[in-house]
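Novice: With the sequence up front, the predicted model follows.
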Amino acid sequence: MSEKTYKIIELVGSSATSWEDAAQAAVNTAAKTLRDLRIAEITQMDMKIENGKVAAYRARVKLSFKYET
């Protein structure tokens, strides 16, 4: 069995419509420059409020990817 090493990064995605879309935005952005994404964990969700209304949903996401050897 070969040893593997993974890196974990944290991103914040944003969406005007939902937390799910915010999390997807974070994954989509990471996938543009990182290969072999493995796990996405939503660690926090919040909302940006403007004039008493929800202006954006935000999801903090931890993503892991495998180091290449």
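Specialist: Received, thanks. Residues are numbered from 1 along each chain as shown.
Novice: Report the buried residues of the helix or strand where residue 58 lies.
Specialist: For residue 58, the host element (DSSP states H and E) is strand 53-66. Neighbour counts using 16 or more other CB atoms under 10 Å place 57, 58, 59, 60, 61, 63, 65 of strand 53-66 among the buried residues. All C-beta atoms are positioned from the backbone trio N, CA, C, and that covers glycine.
Novice: Is it correct that the second one is in contact with residue 49?
Specialist: Okay, so that is residue 58. No: the criterion here is CB atoms under 8 Å, and residue 58 misses it with residue 49 at 11.2 Å.
Novice: All the strands of this structure, in order from the start?
Specialist: Per DSSP state E, the chain carries strands over the ranges 6-15, 37-50, 53-66.
Novice: ok, what's across the strand from residue 14?
Specialist: When bridges are assigned using DSSP bridges, the partners listed for residue 14 are residue 58.
Novice: pLDDT at it, what is it?
Specialist: At residue 14, the pLDDT value in this model is 98.
Novice: What about it, how many residues nearby?
Specialist: Here the neighbour count serves as a burial measure; for residue 14 (other CB atoms under 10 Å) it reads 14.
Novice: What are the neighbouring residues in contact with it?
Specialist: Residues in contact with residue 14 (CB atoms under 8 Å, 6 or more residues apart in numbering) are 22, 25, 48, 56, 57, 58.
Novice: Okay then, goodbye and thanks.
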